[in-house]
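S.K.: just to be clear, the model below is a prediction. Sequence and coordinates:
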Amino acid sequence: MNAISLPMLYGLIAVALLFDLLNGLHDAANSIATIVSTRVLSPQLAVIWAAFFNFIAFLVFGLSVAQTVGSGIIDPNIVDSTVIFGALMGAIVWNLLTWFLGIPSSSSHALIGGLVGAGAVKAGFSSVVWSGLFKTAGGIVFSPFLGFVLALFLSLAVAWIFVRSTPLAVDNLFRYMQFASASLYSLGHGGNDAQKTMGIIAVLLYSQGKLEGGFHVPFWVVLSCQAAMGLGTLFGGWRIVHTMGSKITRLTPQQGFCAETGGAITLFLATHFGVPVSTTHTITGAIIGVGSARRVSAVRWNIAKDIVIAWVLTMPAAALIGAAMCALARVAGG
């Protein structure tokens, strides 16, 4: 492992925090699309609400996802500045492209793809920790499926419980309940997504001998990443809010509650077990679940199909970009 200068180290940490901020911007829709589309909160108040719960997530969750990203995707012993640069640039370029196009792709899997591509350039595919990568890839299927199932059954349960209530009474009740479900989802988003950047910064510090006592995530890294995530959420991401909140299916307050709650349960479970899943995949599966509970034709399946295509492309596209950026950095560095 080659030592790098302190300015370069600080610069790479700044780029990592920039990715975290863009992650919050790109994924703001995941936390607020349903509560905005049901008009429970204005977009401005919704992002403030989500940003607060994004930030305080470190008080609720452990750091198992950060451990997975930092030491369970590629061998931390091969990491150097070019690998981190390639991984971050692969994720940032893909995030900006999909954000500009309004496509809710996964920031998480873009980062994982960039990390694998850059690591492969540095030390070949033998540097990949396949068990961790397969666990992450499994989350691509697991998180939207579980979000779909939970939201579907929650929708059916709510319909059965309130079958004798008037639509207006149910609507008013779930407008208040959406405050709780949106808070839980924002907690899950901040808990799972911010930890990915924590893992990247921690493995960079580890590679430079800046961590004493083995691989771990310093508390200042935790606070920095949660703050960057919260700030990114404050900036919004309205292109993707529109896609998530209205193009896939039209939502009522009770459906918004069911989608957010099903998604939040999925994220809490994944974070507990250290699986870096996609909050985008999760909430999309949940939104499709509540739409399907009403009727299958309520879901705009052509929009859902385009989103799934973006999911499939994310990891390999980010890996290619990350590999190219890593290779360029290595040539530039001699």
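M.R.: Yep, that arrived. Numbers count the residues shown, from 1 in each chain.

S.K.: what's the average pLDDT for the one helix or strand residue 111 maps to?
M.R.: Assessed by DSSP states H and E, residue 111 sits inside helix 107-123. On average, the pLDDT along helix 107-123 is 90.

S.K.: run through the residues that contact residue 110.
M.R.: Residues near residue 110 by Cβ atoms under 8 Å, 6 or more residues apart in numbering: 90-91, 94-95, 314-315, 317-318. Quick note: C-beta positions are derived from backbone N, CA and C, even for glycine.

S.K.: burial measure for residue 143, as a count.
M.R.: 30 (other Cβ atoms under 10 Å).

S.K.: show the contacting residues for it.
M.R.: The contact partners of residue 143, taken as Cβ under 8 Å, 6+ apart, are 266-267, 270, 277-278, 281-282, 285.

S.K.: run a quick neighbour tally on the closest residue to residue 114 other than its chain neighbours.
M.R.: Ranked by Cβ to Cβ, 6 or more residues apart in numbering and with sequence neighbours excluded, the top spatial neighbour of residue 114 is residue 90, at 2.7 Å. By other Cβ under 10 Å, the residues close to residue 90 number 31.

S.K.: I figured residue 90 hits residue 113, correct?
M.R.: Yes. Residue 90 is within contact range of residue 113, at 6.4 Å (criterion: Cβ atoms under 8 Å).

S.K.: list the residues that contact both of those two?
M.R.: With Cβ under 8 Å, 6+ apart as the test, residue 90 and residue 113 both reach 318-319, 322.

S.K.: ok, these vs residue 200, which is closest?
M.R.: Among these, residue 322 lies closest to residue 200 (Cβ to Cβ), at 11.8 Å.

S.K.: what helix or strand is residue 183 on?
M.R.: Counting by DSSP H and E, residue 183 is part of helix 167-207.

S.K.: tell me the SS of residue 251?
M.R.: Reduced to three states with DSSP: H, G, I helix; E, B strand; the rest coil, the structure at residue 251 is coil.

S.K.: how many residues are close by residue 292?
M.R.: Around residue 292 there are 17 other residues, counting by other Cβ under 10 Å.

S.K.: ok, back up a step: helices - which of the contacts of residue 143 land there?
M.R.: Among those, the members found in helices (DSSP state H) are 266-267, 270, 281-282, 285.

S.K.: what's the ChimeraX line that selects buried ones from those?
M.R.: The following ChimeraX line selects those of these that are buried, judged by 16 or more other Cβ atoms under 10 Å:
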select :266,267,270,281,282,285
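
S.K.: between the ones in helices among the contacts of residue 143, which is closest to residue 59?
M.R.: Proximity of the ones in helices among the contacts of residue 143 to residue 59 (Cβ to Cβ) peaks at residue 267, which lies at 15.7 Å.

S.K.: do you know how far that closest one is from residue 61?
M.R.: Noted for residue 267: a distance of 10 Å to residue 61, by Cβ to Cβ, to the nearest Å.

S.K.: joint contacts of the two?
M.R.: Jointly contacting residue 267 and residue 61 under the rule Cβ under 8 Å, 6+ apart are 191-192.

S.K.: that older thread, before we move on, which element is the residue nearest to residue 114 in?
M.R.: helix 81-101.

S.K.: next one: residue 224
M.R.: Using DSSP H and E, residue 224 falls in helix 219-235.

S.K.: tell me the buried residues in that helix?
M.R.: 221-222, 224-234.

S.K.: stretch 117-130 now?
M.R.: The neighbour-count check on stretch 117-130 (16+ other Cβ under 10 Å) flags 117-123, 127-129 as buried.

S.K.: burial count for residue 283?
M.R.: Look at residue 283: counted by other Cβ under 10 Å, it has 33 neighbours.

S.K.: that one against residue 147, yeah?
M.R.: Yes. Assessed by Cβ under 8 Å, residue 283 is found in contact with residue 147 at 6.7 Å.

S.K.: overlap in contacts, these two.
M.R.: Joint contacts of residue 283 and residue 147 (Cβ under 8 Å, 6+ apart) are 259, 263.

S.K.: show the pLDDT at residue 61.
M.R.: We note a pLDDT of 90 for residue 61 in this prediction.

S.K.: quick one: contacts for it?
M.R.: Counting by Cβ under 8 Å, 6+ apart, residue 61 touches 191-192, 195, 271-272.

S.K.: flag the shaky bits of this structure, pLDDT-wise.
M.R.: The chain contains residues with pLDDT under 70 at 1-2, 28-31, 33-34, 103-104, 236-250, 294-307, 334.

S.K.: hmm, try it at 50
M.R.: 245, 248 (pLDDT under 50).

S.K.: distance of residue 314 from residue 4?
M.R.: Distance, residue 314 to residue 4, using Cβ to Cβ: 29 Å.

S.K.: now swap in residue 112 and tell me
M.R.: With Cβ to Cβ as the criterion, residue 112 and residue 4 are 23 Å apart.

S.K.: neighbour count: those two, which is higher?
M.R.: Neighbours were counted for residue 112 and for residue 4 using other Cβ under 10 Å; residue 112 has more, 32 against 18.

S.K.: how far off centre is the helix holding residue 224?
M.R.: Chain-centre distance of helix 219-235: 13 Å, with Cα atoms, centre = their mean, to the nearest Å.

S.K.: let's number from 15 now, not from 1
M.R.: In the new numbering, first residue 15, that becomes helix 233-249.
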